[in-house]
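What follows is a predicted protein model with its sequence.
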Amino acid sequence: DKGRGKRSVVGFCATTNDAFTKYYSTVKFQGVGQEIVDELSACFESALENWKSINGAHPEKIMVFRDGVGEGQFLEVLQYEVPQILDVVRR
């Protein structure tokens, strides 16, 4: 919230099973009013390793839901956050 000078909080969660009934989660703190996620690759890497430790292999499919940005920021998300995700899943 830029108006109150509070840091932005990123909440990240990922399922850990095929039934979508158990989850891994993490929280990251960013600068005041920052909505584009700097540490998305770290979140994804931790979530994928968590899945692998539980299920013995990485997931076959990944579905991403992104919330918290306005229409005017879609291009920025595509240019900054999507490459972070792709970098992790291609390793």
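Yes, it's here. None of the values given here were measured: they were computed from a predicted structure.

next one: stretch 12-29 to chain centre, how far?
Distance, stretch centre to chain centre, for stretch 12-29: 10 Å (CA atoms, centre = their mean, to the nearest Å).

Can you give me the first-to-last residue distance of that stretch?
This stretch, stretch 12-29, spans 11 Å end to end (CA to CA, to the nearest Å).

Just the buried positions in that stretch, please.
Phe12, Ala14, Thr16, Tyr24 (16 or more other CB atoms under 10 Å). C-beta: built from backbone N, CA, C; applies to glycine.

same thing with stretch 41-49?
For stretch 41-49, the neighbour count (16+ other CB under 10 Å) marks Ser41, Cys43, Phe44, Glu45, Ser46, Ala47, Leu48 as buried.

Of those residues, just say which sits nearest to Asp67.
Cys43 (14.2 Å; CB to CB).
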